[in-house]
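Colleague: I'd like to go over a predicted model; first the sequence, then the structure.
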Amino acid sequence: MTSKTQLVAVALAALVIGAGLGYVVALSSGAGGEETSRARIAALETQVAALQQQLQEAQRAASGTLQDNSVVVQGSDTMLILAQRWAEEYRKTQPELNIQVTGGGSGTGIAALIDGRVDIADASRPMKQSEIDAMVAKGKTPVAFSVALDGVSIIVHPSNPVRELTLQQLAAIYVGNYTNWNQVGGPDLGITVYGRQSTSGTYAFFKEHVMSNKDYRADMQSLAGNSDLVQAVSQDPSGIAYVGVAYAERRTDVIILGIKRDASSPAVRPTVATIKSGDYGISRPLFVITSGYPQGKLAAYIAWILSPEGQKVAADEGYVAII
């Protein structure tokens with residue numbers, strides 16, 4: 001078996017393992033986060049059967065000469081550092097392959113995938129039903145692979161003495177019920193709230209899982225990316241923001257808060273252990289999404305991402321590997 005053929009086989013194995021962990025989702029059926037375990041198993045069986053039927057063709061394509069030597073990736077700003085590093089490392093083994101990576105937000109990447117302008121959409125949230133429907137209407141089957149885990153980190157300026165918040169307090173800050181740090185045990189100082197733009201998967205995830213789908217406060221300062229949010233808070237003693245853990249954990253100019261599920265719970269910071277276990281209350285999987293089951297160069301690339309080598313890159317960059 002050639003090395004590329006092995007990678008395609010790894011893709012099939014990764015699908016089986018990942019789906020068993022709830023980390024791979026076939027989206028063509030419109031299945032959501034509330035589907036039953038039995039439905040997930042049925043979806044997994046369908047995915048595996050389809051990949052098994054396509055495996056020989058994918059092996060031949062992966063081992064042949066690339067007719068189109070490019071892969072276009074767009075989407076989640078949370079995943080941008082990781083996606084760029086994956087591309088850099090993979091090209092060391094496949095120097096003839098040109099992997100183009102841009103951000104812009106999960107919604108932007110998914111829209112580009114629906115329109116056929118990219119090969120891979122990076123997303124920090126599952127596809128919305130409306131996005132699935134739009135893709136299916138074009139005769140395409142979206143397939144999502146969970147490729148890493150993330151903890152949405154809440155950051156403040158180092159001069160702020162607040163070191164923990166409950167989820168309820170955090171929600172109250174972002175919907176506008178709390179406007180001064182003294183309402184959560186801090187100084188008498190107005191709270192400046194920073195967040196992402198509406199095309200961001202983190203924007204949508206935070207709104208759903210922290211704010212119970214209530215609207216963001218009208219004066220929230222919406223910034224384009226995680227780096228911009230970290231930079232803003234590092235210069236603003238009154239600021240608070242939510243960012244992917246990889247953007248904050250190695251910084252000394254911002255503080256990552258501990259988050260409590262309720263007033264009687266312990267404060268938990270985002271670490272590899274707490275994100276993997278789910279003890280950190282704002283954890284989530286990160287996805288790459290393709291149009292149909294990946295074959296050829298895409299199958300080989302995604303298989304490498306899910307391999308120990310690709311997952312080591314994720315861990316090295318501050319994300320949480322799924323294996």
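Modeller: Cool, the structure landed.
Colleague: in the stretch 101-250 of the chain, which spans are helices?
Modeller: 106-114, 129-137, 167-175, 201-209, 226-234 (DSSP state H, counting those that start in this stretch).
Colleague: packing partners of the second one?
Modeller: It refers to helix 129-137. Under the contact criterion of 3 or more CB pairs under 8 Å, 6 or more residues apart in numbering; DSSP states H and E, the helices and strands touching helix 129-137 comprise helix 106-114, strand 142-156. Every C-beta, even on glycine, is put in place using the N, C-alpha and C of the backbone.
Colleague: what of the first one?
Modeller: For helix 106-114, the contact count by 3+ CB pairs under 8 Å, 6+ apart identifies strand 70-75, strand 120-123, helix 129-137, helix 201-209, strand 283-291 as packing neighbours.
Colleague: how about the fourth one?
Modeller: With contacts defined as 3+ CB pairs under 8 Å, 6+ apart, helix 201-209 has these neighbours: helix 106-114, strand 142-156, strand 192-196, strand 239-244.
Colleague: would you mind finding the most buried of the helices of the stretch 101-250 of the chain?
Modeller: helix 106-114 (a mean of 25; mean count of other CB atoms under 10 Å).
Colleague: now the helices and strands packed on helix 106-114 in CSV, with mean pLDDT?
Modeller: Putting the helices and strands packed on helix 106-114 into CSV (pLDDT from 0 to 100) gives the following:
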stretch, mean pLDDT
strand 70-75, 96
strand 120-123, 98
helix 129-137, 97
helix 201-209, 95
strand 283-291, 97
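Colleague: tell me which of those sits nearest to Ser265.
Modeller: Ranking the helices and strands packed on helix 106-114 by distance to Ser265, with CB to CB as the measure, places strand 283-291 first at 15.0 Å.
Colleague: among the helices and strands packed on helix 129-137, which comes closest to Ser264?
Modeller: Between Ser264 and the helices and strands packed on helix 129-137, the shortest gap by CB to CB is with strand 142-156, which sits at 19.4 Å.
Colleague: would you mind checking the average pLDDT for stretch 79-99?
Modeller: Summarised as a single mean, pLDDT over stretch 79-99 is 96.
Colleague: and Thr271, which of the helices and strands packed on helix 201-209 is closest to it?
Modeller: Counting by CB to CB, Thr271 lies closest to strand 142-156 out of those; the figure is 7.8 Å.
Colleague: can you tell me which residues contact Ala83?
Modeller: Under the criterion of CB atoms under 8 Å, 6 or more residues apart in numbering, the neighbours of Ala83 are 73, 75-76, 101, 122.
Colleague: tell me if it really is in a helix.
Modeller: Yes - under the criterion used here (DSSP: H, G, I helix; E, B strand; the rest coil), Ala83 sits inside a helix.
Colleague: how close does the nearest residue to it once chain neighbours are set aside get to Gln311?
Modeller: Setting aside the residues directly before and after it, Ala83 is nearest to Val101 in space (CB to CB, 6 or more residues apart in numbering), at 4.7 Å. Between Val101 and Gln311 the distance, using CB to CB, to the nearest Å, works out to 18 Å.
Colleague: and for Asp122?
Modeller: Using CB to CB, one obtains 16 Å as the distance from Asp122 to Gln311.
Colleague: of those two, who's got more company?
Modeller: Ranked by neighbour count (other CB atoms under 10 Å), Asp122 and Gln311 place Asp122 first, with 32 against 20.
Colleague: quick one on the thing from earlier: in contact with the residue nearest to Ala83, which residues?
Modeller: Contacts for Val101 (CB under 8 Å, 6+ apart) come out as 73-74, 80, 83-84, 87.
Colleague: identify the bridge partners of Val101.
Modeller: In this structure, Val101 has beta-bridge partners Val73, where bridges are defined by DSSP bridges.
Colleague: quick check: the gap between Glu164 and Gln197.
Modeller: For Glu164, the distance to Gln197 under the criterion CB to CB works out to 28 Å.
Colleague: swap in Asn213?
Modeller: Computed with CB to CB, the distance linking Asn213 and Gln197 is 18 Å.
Colleague: comparing these two, which shows the higher neighbour count?
Modeller: For Asn213 versus Gln197, the count of surrounding residues by other CB under 10 Å is larger for Gln197: 16 against 9.
Colleague: now that one: closest residue in space, sequence neighbours ignored.
Modeller: Nearest-residue entry for Gln197: Ser222, 4.8 Å, with adjacent residues in sequence omitted and distances by CB to CB, 6+ apart.
Colleague: is the one you found in a bridge, and if so with what?
Modeller: Note on Ser222: beta-bridge partners Gly195, judged by DSSP bridges.
Colleague: mind putting the helices and strands packed on helix 129-137 into CSV with distance to Val175?
Modeller: Output for those, formatted as CSV (distance: least, CB to CB, whole Å):
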stretch, distance to Val175
helix 106-114, 22
strand 142-156, 15
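Colleague: and of the ones you listed, who's closest to Ser234?
Modeller: Proximity to Ser234, assessed across the helices and strands packed on helix 129-137 by CB to CB, is greatest for strand 142-156 (8.5 Å).
Colleague: angle of the closest one against helix 106-114?
Modeller: Strand 142-156 runs at 160 degrees relative to helix 106-114, counting by axes from the mean of the first three to the mean of the last three CA atoms, to 10 degrees.
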